[in-house]
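J.: task: produce atomic coordinates for the following.
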Amino acid sequence: MSPLPRILSLTEGAPPEGAAIGGKARGLAWLAGLGLPVPPAFVLLPGESPVELSLLEAHLAKLGSGPWAVRSSATDEDGTTASFAG
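T.: Predicted structure coming up:
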């Protein structure tokens, strides 16, 4: 099994099984997979090493010049079965 990517696009289909993303991100990916309009978005997945800057810049470029909305949650705040983040 290949390692999961550290940055996951929400508009390119269902997230891989086992991806540590929260319910809101998983829901947006599901809606996009149904062909419903979802704004371009991506999720930074938890990991031990920092995300490569060039990879982050490439994903930001796909979003356009902004403005952007940012939502931040700790991995134990926002899970696949519950959300406690603000």
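J.: low pLDDT regions in the protein?
T.: Low-confidence segments of the chain (pLDDT under 70): 1-5, 13-14, 16, 18, 73-86.
J.: again, 90 this time
T.: Low-confidence regions of the chain, defined here as pLDDT under 90, cover residues 1-34, 38-41, 43-53, 55-56, 59, 62, 64-86.
J.: where do the strands sit along it?
T.: 7-9, 42-44 (DSSP state E).
J.: right, so of these, which gets closest to residue 25?
T.: When the strands of the chain are ranked by distance to residue 25, counting by C-beta to C-beta, first place goes to strand 42-44 at 4.8 Å. (Each C-beta comes from the backbone N, C-alpha and C, glycine too.)
J.: return the set of buried residues in the closest one.
T.: Within strand 42-44, the residues that qualify as buried are 42-43, counting by 16 or more other C-beta atoms under 10 Å.
J.: what lies in contact with that strand?
T.: Taking C-beta atoms under 8 Å, 6 or more residues apart in numbering as the criterion, the residues outside strand 42-44 that touch it are 6-10, 15, 21, 25, 51, 56, 59, 62-63.
J.: separate out the buried members of these.
T.: Among the contacts of strand 42-44, those classed as buried by 16+ other C-beta under 10 Å are 6, 8-10, 15, 21, 25, 59.
J.: which of those fall in helices?
T.: Residues from the buried ones among the contacts of strand 42-44 lying in helices, with DSSP state H as the criterion: 25, 59.
J.: next, format the buried ones among the contacts of strand 42-44 as TSV and append distance to residue 44.
T.: Converted to TSV, those look like this (distance: C-beta to C-beta, whole Å):
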residue	distance to residue 44
6	7
8	8
9	11
10	12
15	13
21	10
25	10
59	9
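J.: pretty sure residue 46 sits against residue 20.
T.: Yes. Between residue 46 and residue 20 a contact is recorded at 5.5 Å, counting by C-beta atoms under 8 Å.
J.: comparing these two, which residue is more hemmed in?
T.: Neighbour comparison, residue 46 and residue 20: the larger count goes to residue 20, with 15 against 10 (by other C-beta atoms under 10 Å).
J.: could you measure from that one over to residue 37?
T.: 26 Å (C-beta to C-beta, to the nearest Å).
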